[in-house]
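Peer 1: need a 3D model of the sequence below.
(chains A and B)
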There are 2 protein chains.
Amino acid sequence: MKRNLGSVNALYPSLTTIIGAVVEGRPNFLTVAHVGIMNHGQPQYLSFGLNKAHYTNAGILEHREFSVCLPGEDLVEKTDYVGLVSGKKTDKSRVFELFRGQLEHAPLIQGCPVCMECRLAQVVDFKTHDVFIGEIVATHAEESVLRPDGTIDIGRVRPLLFDMASTTYWSLGAAVAPCWSVGKGLKGERRGKAQGG
Amino acid sequence: MKRNLGSVNALYPSLTTIIGAVVEGRPNFLTVAHVGIMNHGQPQYLSFGLNKAHYTNAGILEHREFSVCLPGEDLVEKTDYVGLVSGKKTDKSRVFELFRGQLEHAPLIQGCPVCMECRLAQVVDFKTHDVFIGEIVATHAEESVLRPDGTIDIGRVRPLLFDMASTTYWSLGAAVAPCWSVGKGLKGERRGKAQGG
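Peer 2: Below you'll find the model as predicted:
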């Protein structure tokens, strides 16, 4: 039995990220848990909407560069902190130890196991929100979260998964099943049914 | 020590959804694990990019309506199956038991604990991909996944979390910490430091 909740956004959990930009000459960070994947391919694009009231927007628009870092569970307090206080009133440039990649205005967080630096590709105006579309220029990952084949082992990243209804950060659980594989059994079954019917 | 992996999309895990649309007069379903949240507010918008080669695009463009359903762990095989086979060759209209909400061309899946019906608001042309932006019209949730206050209990939804590197569906783990709360302790601490320095 289902209940109609109205027009509720139920796309949770979502991956918690920290967006970095240079605002008024200083690195600034903001917790954002709604970064979208725009395509699969090269160039690789991602997107996120930021209410226009945020301090960070001007910095991204000025330098057309930003970073997207993935904090692990060990960074939950600092991650929450940079989502609680605005750069307008608080200097957040020293909350994290930083490093630089290829872009000058995409401050990267040493303590995050995975960091992406992005170049702004497009801005979609959404009345209350700027939707920023960025091209991923480079992705930096800790050796300790890489598998022997050089891909990221998400089980070692220990990402923070955000849920709005419970306003809670959740952890990643166990693997359930292999993708593009576990459903293969239904291929034959359904073909059989079709042939039968 | 970090390694530069090149321009890799590392935004995982992402929530696994099933997009539904009416294509050539028949309900069709497609697994999509990169649905973005565009804003917070009303109207509430979401977005996802679909390679233009997909069968579903034409149906969404024709009727300007679609659904986004969240499968639980128990539906992993069927979820994977509708991501494996194309509607071009396979009739996927009978894979799930369906129900209808307010929109005529947004087929909803009874077996999914949470289903959203959406009206197409905008299409962003991304060369290889159509990026569909939809307005959420209504969200239907099973009574069994609702908390007493009527919000969705994600722990009971048991969502499937997709990871590209391991091509695996993962489960949701335990709660880590309360959001907009666990970082409050740093407010005073950092203020103290600033005053000190």
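
Peer 1: ok, residue A:147 to residue A:73 distance?
Peer 2: Separation of residue A:147 from residue A:73 (Cβ to Cβ, to the nearest Å): 19 Å. (Each C-beta comes from the backbone N, C-alpha and C, glycine too.)

Peer 1: which one's more surrounded, those two?
Peer 2: Neighbour count, other Cβ atoms under 10 Å in any protein chain shown: between residue A:147 and residue A:73, residue A:73 has more, with 17 against 13.

Peer 1: can you give me the strands for chain A?
Peer 2: A:2-4, A:14-15, A:17-23, A:26-32, A:35-37, A:45-51, A:65-70, A:98-99, A:108-109, A:114-126, A:129-142, A:161-163, A:168-178 (DSSP state E).

Peer 1: so who does the closest residue to chain B within chain A touch?
Peer 2: Closest to chain B within chain A is residue A:36: 2.2 Å, counting by Cβ to the nearest Cβ. The contact partners of residue A:36, taken as Cβ atoms under 8 Å, 6 or more residues apart in numbering or on different chains, are A:46-48, B:11, B:34-38, B:47-48.

Peer 1: flag the least confident of those residues.
Peer 2: pLDDT across these is lowest for residue B:38, at 84.

Peer 1: skipping its backbone neighbours, what lies nearest it in space?
Peer 2: Of all residues not flanking residue B:38 in the chain, residue B:45 sits nearest, at 3.9 Å (Cβ to Cβ, 6 or more residues apart in numbering or on different chains).

Peer 1: the one you found contacts residue B:137, doesn't it?
Peer 2: No: the pair residue B:45 and residue B:137 fails to qualify as a contact (Cβ atoms under 8 Å) at a distance of 11.4 Å.

Peer 1: ok, those two, which is more surrounded?
Peer 2: Between residue B:45 and residue B:137, counted using other Cβ under 10 Å, the more crowded position is residue B:45 (23 against 19).

Peer 1: ok, now which ones touch residue A:167?
Peer 2: Residue A:167 touches B:178-181, counting by Cβ under 8 Å, 6+ apart.

Peer 1: format the strands of chain A as a markdown table; extra columns: distance to residue B:115.
Peer 2: A markdown table is the format used below for the strands of chain A (distance: least, Cβ to Cβ, whole Å):
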| stretch | distance to residue B:115 |
| --- | --- |
| strand A:2-4 | 7 |
| strand A:14-15 | 18 |
| strand A:17-23 | 27 |
| strand A:26-32 | 26 |
| strand A:35-37 | 20 |
| strand A:45-51 | 23 |
| strand A:65-70 | 29 |
| strand A:98-99 | 43 |
| strand A:108-109 | 37 |
| strand A:114-126 | 24 |
| strand A:129-142 | 25 |
| strand A:161-163 | 18 |
| strand A:168-178 | 20 |
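
Peer 1: mind checking these for the one nearest to residue A:87?
Peer 2: Residue A:87 lies closest to strand A:26-32 among the strands of chain A, at 4.2 Å (Cβ to Cβ).

Peer 1: keeping just the C-alphas, turn the closest one into PDB.
Peer 2: Below are the C-alpha coordinates for strand A:26-32, written out as PDB (Å, rounded to 0.1, in the frame of the first residue of the first chain):
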ATOM      1  CA  ARG A  26      40.900  32.600  -0.300                       C
ATOM      2  CA  PRO A  27      40.100  28.900  -0.600                       C
ATOM      3  CA  ASN A  28      36.600  28.200   0.600                       C
ATOM      4  CA  PHE A  29      34.800  24.900   1.100                       C
ATOM      5  CA  LEU A  30      31.100  23.900   1.200                       C
ATOM      6  CA  THR A  31      29.400  20.600   1.800                       C
ATOM      7  CA  VAL A  32      27.200  19.500  -1.100                       C
END
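
Peer 1: packing partners of that strand?
Peer 2: Using 3 or more Cβ pairs under 8 Å, 6 or more residues apart in numbering or on different chains; DSSP states H and E as the contact criterion, the elements in contact with strand A:26-32 are strand A:17-23, strand A:45-51, helix A:56-63, helix A:76-84.

Peer 1: mean pLDDT lowest for which of those?
Peer 2: strand A:45-51 (a mean of 92).

Peer 1: tell me which residues of it come out buried.
Peer 2: For strand A:45-51, burial by neighbour count (16 or more other Cβ atoms under 10 Å in any protein chain shown) applies to A:45-50.

Peer 1: likewise for stretch A:69-85?
Peer 2: A:69-73, A:75-76, A:78-85.

Peer 1: contacts for it next, please.
Peer 2: A:15-18, A:20, A:29-31, A:92, A:95-96, A:108-109, A:111-116, A:157-160, A:169, A:171, B:10, B:176-177, B:179-187, B:190.

Peer 1: of these, buried ones?
Peer 2: By neighbour count, with 16+ other Cβ under 10 Å, the contacts of stretch A:69-85 hold A:15-18, A:20, A:29-31, A:92, A:95-96, A:108-109, A:111-116, A:157-160, A:169, A:171, B:10, B:176-177, B:179, B:182-183, B:186, B:190 as buried.

Peer 1: so which of the strands of chain A is nearest residue B:60?
Peer 2: strand A:35-37 (16.9 Å).

Peer 1: strand partners (parallel or antiparallel) of the closest one?
Peer 2: Paired strands of strand A:35-37, with direction, are strand A:45-51 (antiparallel) (DSSP bridges).

Peer 1: run the chain-centre distance for the strand it pairs with.
Peer 2: 9 Å (Cα atoms, centre = their mean, to the nearest Å).

Peer 1: tell me the angle it makes with helix A:56-63.
Peer 2: Strand A:45-51 runs at 130 degrees relative to helix A:56-63, counting by axes from the mean of the first three to the mean of the last three Cα atoms, to 10 degrees.
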